[in-house]
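>>> could you work out the structure for the sequence below:
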Amino acid sequence: MRGSEFADLRAFVTIAEQGNFARAAARLRISPSTLSEMLRGLEERLGVRLLNRTTRSMSLTEAGTRLLARFKPAMEEMDAAVEAVRHLRDTPTGTVRLHLPRLASASILEPLLGRFREAYPDIVLELCIDDAATDIVAKGFDVGITLGELLEKDMIAVPLGGTLRQLAVASPDYLARHGRPRTPADLHAHRCINWRKPGGTRLYSWEFQKDGHWISVAVEGPLIVSHRDVALTAAAQGVGIAFAYWSEQWLRPLLDAGKLVPVLEEFSPPFPGWYLYYPKQRYTPAAVRALVDFLRRETKPPARPTRGPRKG
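Below is the predicted model:
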């Protein structure tokens, strides 16, 4: 088998796994047009059609189904053999693609980038900082970071850092002018800064806990943001009351400086924080394992509460 033939077969397997040319091309880091040419060349050499393609759908032919069933296990064996040899290296190498939200990047990863570089100089970290929910497997990421309550099924998860709290905060000036809410229901009489998840359509309902029960409050106000740190900036300027999940360490400087004051603390218990997660697979690449082990060492895993706020 010539090298180009193996590359074309790998491309075919990736297309079949992803179910979409664009996602498969992203996974292989080539253009969709190049991927289409590779598949066309493979089909011409084999003399059979492997995929039925329309503008809206794609499916395997009988020949494609048979080829996938026989070649995919063989390809996985070859990948495992190569990875086993790579593990003999003293230093892990390669690229690790990581998807994570903006706040997780700022509070968990960014303070550790220098130490990670020193520990693993041959690893290239490719970071996609994006608050939108993402299927990391379909998008070609090796690892993701998300909140514990949002973990996908069938993933290996590693807790990072401590628990979080969803705290309502406001500037002293705002509270002096408008008063302090005493219960979550009081927020209906206040100007609140709303948050909408990137790519979402509805506003997030603020959640509090009382006597073991969760309370959901739909608030109104003069500002809607897609990034919660922007809400804090606005709250510090007296725009209104903001609500966001923050580690105490991240929020503490703003509180200590007197720019923000927490309200309704008795209704804001802690909940599971950030988790690093990656798909279960037969052989985890050495570079991925190095990142996972590094973050596990550098952060203190919390004890996971039995329940956190519901998904927003």
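>>> assign a three-state SS to residue 59, would you?
Of the three states, residue 59 takes strand under DSSP: H, G, I helix; E, B strand; the rest coil.
>>> any idea what it is bridged to?
residue 52 (DSSP bridges).
>>> just give me the neighbour total for it.
Neighbour count of residue 59, defined by other Cβ atoms under 10 Å: 12. The C-beta positions use only the backbone N, C-alpha and C, and glycine is treated the same way.
>>> check the one 10 residues further on too.
Residues contacting residue 69 under the criterion other Cβ under 10 Å number 10.
>>> secondary structure element holding residue 36?
Residue 36 belongs to helix 32-46 when assigned by DSSP states H and E.
>>> that helix: which residues count as buried?
Across helix 32-46, burial judged by 16 or more other Cβ atoms under 10 Å covers 35, 38-39, 42-43, 46.
>>> tell me the one of these nearest residue 191?
Distance to residue 191 across those (Cβ to Cβ) is lowest for residue 35, with 51.3 Å.
>>> coming back round to it: average pLDDT for the helix holding residue 36?
For helix 32-46, mean pLDDT is 91.
>>> ok now that helix, how far from the chain's centre?
Chain-centre distance of helix 32-46: 33 Å, with Cα atoms, centre = their mean, to the nearest Å.
>>> check which helix or strand covers residue 253.
Counting by DSSP H and E, residue 253 is part of helix 248-256.
>>> after that helix, which helix or strand is next?
strand 261-263.
>>> report the buried residues of that next one.
Residues of strand 261-263 classed as buried: 261, 263 (neighbour count, 16+ other Cβ under 10 Å).
>>> now do it: distance to the chain's middle.
With Cα atoms, centre = their mean, you get 29 Å for strand 261-263.
>>> which ones are touching residue 231?
Residue 231 makes contacts with 193, 195, 223, 225, 242-244, as judged by Cβ atoms under 8 Å, 6 or more residues apart in numbering.
>>> let's go with 7 Å and repeat that
Shown in contact with residue 231 (Cβ atoms under 7 Å, 6 or more residues apart in numbering): 193, 195, 225, 242, 244.
>>> most neighbours, which of those?
When neighbours are counted by other Cβ under 10 Å, residue 242 leads these with 27 neighbours.
>>> surely that one is within a strand?
Yes: remark: residue 242 belongs to a strand, assigned using three-state DSSP.
>>> contact partners for residue 220?
residue 192.
>>> meant to ask about residue 25
Contacts for residue 25 were tallied using Cβ under 7 Å, 6+ apart; they are 31-32, 35.
>>> the same query, at a cut-off of 10 Å, please.
11, 14-15, 18, 31-36, 38, 140 (Cβ atoms under 10 Å, 6 or more residues apart in numbering).
>>> can you lay out those as JSON lines showing distance to residue 294?
Converted to JSON lines, the contacts of residue 25 look like this (distance: Cβ to Cβ, whole Å):
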{"residue": "11", "distance to residue 294": "32"}
{"residue": "14", "distance to residue 294": "29"}
{"residue": "15", "distance to residue 294": "33"}
{"residue": "18", "distance to residue 294": "29"}
{"residue": "31", "distance to residue 294": "33"}
{"residue": "32", "distance to residue 294": "35"}
{"residue": "33", "distance to residue 294": "38"}
{"residue": "34", "distance to residue 294": "34"}
{"residue": "35", "distance to residue 294": "33"}
{"residue": "36", "distance to residue 294": "39"}
{"residue": "38", "distance to residue 294": "36"}
{"residue": "140", "distance to residue 294": "22"}
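>>> which residues of the stretch 101-250 of the chain score low on pLDDT?
Residue ranges of the stretch 101-250 of the chain with pLDDT under 70: 245-250.
>>> for it, just list every one of the helices.
102-104, 113-119, 172-178, 228-236, 248-256 (DSSP state H, counting those that start in this stretch).
>>> the closest residue to residue 109 other than its chain neighbours pairs with what?
What sits nearest to residue 109 in space, not counting adjacent residues and going by Cβ to Cβ, 6 or more residues apart in numbering, is residue 100, at 6.6 Å. Taking DSSP bridges as the rule, residue 100 bridges to residue 129.
>>> is it true that residue 100 touches residue 132?
No: Residue 100 lies out of contact with residue 132 (Cβ atoms under 10 Å); the separation is 11.4 Å.
>>> so between those two, which is more surrounded?
residue 100 (24 against 11).
>>> ok, the more buried one to residue 82 distance?
Distance of residue 100 to residue 82, given as Cβ to Cβ, to the nearest Å: 28 Å.
>>> alpha carbons of stretch 46-62, as CSV, please.
Extracted in CSV, the C-alpha atoms of stretch 46-62 (Å, rounded to 0.1, in the frame of the first residue of the first chain):
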residue,chain,number,x,y,z
LEU,A,46,-11.1,0.8,-6.2
GLY,A,47,-13.7,1.0,-9.0
VAL,A,48,-16.6,1.3,-6.6
ARG,A,49,-18.6,4.1,-5.0
LEU,A,50,-18.1,4.3,-1.3
LEU,A,51,-20.5,7.0,-0.4
ASN,A,52,-23.9,8.2,-1.6
ARG,A,53,-23.8,12.0,-1.5
THR,A,54,-26.5,14.7,-2.0
THR,A,55,-26.4,18.3,-1.1
ARG,A,56,-28.2,17.5,2.2
SER,A,57,-27.2,14.0,3.2
MET,A,58,-24.5,11.3,3.0
SER,A,59,-24.6,7.6,3.5
LEU,A,60,-22.3,4.6,3.0
THR,A,61,-22.9,2.3,0.1
GLU,A,62,-22.7,-1.5,0.6
